[in-house]
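**Student:** sharing a sequence plus its predicted fold:
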Amino acid sequence: MPRVQLPAVSPKRKALHKGRIIGQKRPLLPKQMWAIRARLEIAGYLRDLALFNVAIDCKPRGCDLVKPAVADLIKDDRVRERVSVIQSKTQKPVKFEQTENTRETVIAWVRSPEMISCGFMFPSRFHERPHISTRQYGRLVRDWVTSIGLEPSGCGTHSLRRTKAAKTYRKTGNLCAVQLLLGHTKVDNTVRYLGIEVEDALNVAERIDL
């Protein structure tokens, strides 16, 4: 009797991303950004407030945000207005400006008792680590967005990196400027990173008079 080949049956598994928003993490809206700041200020979380403000202003990747030294942001007991850091991913320098609000929160955090004898801006509570990890930073971002009622799967560390970059692009339409601010080597990377569609580019072009 010929042998019948039965169809293969795969075990049912729960989809890895079921119920979660995947893809690019959207930037924060201004009202969401200020809501997080307000909650951190009310709670008196100086470290988190400084970390959040630096993340918004400086637009670094998480791996670069967690490890700046105090001397990178502060000189002669004054917060630097402009800072240059070497990116871990590209090994190229990128410059950014710290706004007045960010400078105030940074100096308040550095002068706090918790920062005595600390060489890094955002030190870890674990003795074997000199600064917080990217994983811990991700957990903090999740807590921040959850505290104002946002779905954490729709936001992430790149939401903070995109926030000011997206606003700059919407106001100016200058992709090259945003490219420099993000430290991208190619403008194509900036287009993909911001999720710019052809229609968006055409709308920007229409507003420019030659």
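**Tutor:** Good, I have the coordinates.

**Student:** list the contacts of stretch 68-84.
**Tutor:** Residues from elsewhere that reach stretch 68-84, judged by C-beta atoms under 8 Å, 6 or more residues apart in numbering: 54, 58, 85, 93-98, 102-103, 106-107, 110, 115, 118-122. Every residue, glycine included, has its C-beta placed from N, CA and C.

**Student:** next step: these restricted to helices.
**Tutor:** 54, 58, 102-103, 106-107, 110 (DSSP state H).

**Student:** can I get those in JSON lines including neighbour count and distance to I74?
**Tutor:** Output for the ones in helices among the contacts of stretch 68-84, formatted as JSON lines (neighbours: other C-beta atoms under 10 Å; distance: C-beta to C-beta, whole Å):
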{"residue": "V54", "neighbour count": "25", "distance to I74": "12"}
{"residue": "C58", "neighbour count": "23", "distance to I74": "14"}
{"residue": "T102", "neighbour count": "23", "distance to I74": "12"}
{"residue": "R103", "neighbour count": "21", "distance to I74": "9"}
{"residue": "V106", "neighbour count": "24", "distance to I74": "7"}
{"residue": "I107", "neighbour count": "16", "distance to I74": "7"}
{"residue": "V110", "neighbour count": "19", "distance to I74": "6"}
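
**Student:** which one among the residues you listed gets closest to K25?
**Tutor:** Nearest to K25 among the ones in helices among the contacts of stretch 68-84 is C58, at 17.4 Å by C-beta to C-beta.

**Student:** and the next helix or strand past the top helix by length along the chain?
**Tutor:** As assigned by DSSP H, the longest helix anywhere in the chain is helix 157-172. Once the chain leaves helix 157-172, the next helix or strand it forms, by DSSP states H and E, is helix 175-182.

**Student:** which residues sit against that next one?
**Tutor:** Under the contact criterion C-beta under 8 Å, 6+ apart, helix 175-182 has outside partners 59, 94, 96, 161, 164-165, 168-169, 186-187, 189-191, 193-194, 196.

**Student:** sec struct for T185, please.
**Tutor:** Following DSSP: H, G, I helix; E, B strand; the rest coil, we place T185 in the coil state.

**Student:** surely Q32 is within a helix?
**Tutor:** Yes: secondary structure of Q32 (three-state DSSP): part of a helix.

**Student:** now do the contacts for it.
**Tutor:** Contacts of Q32 (C-beta under 8 Å, 6+ apart): 145, 148, 150.

**Student:** who wins on neighbours among those residues?
**Tutor:** V145 (23 neighbours; other C-beta atoms under 10 Å).
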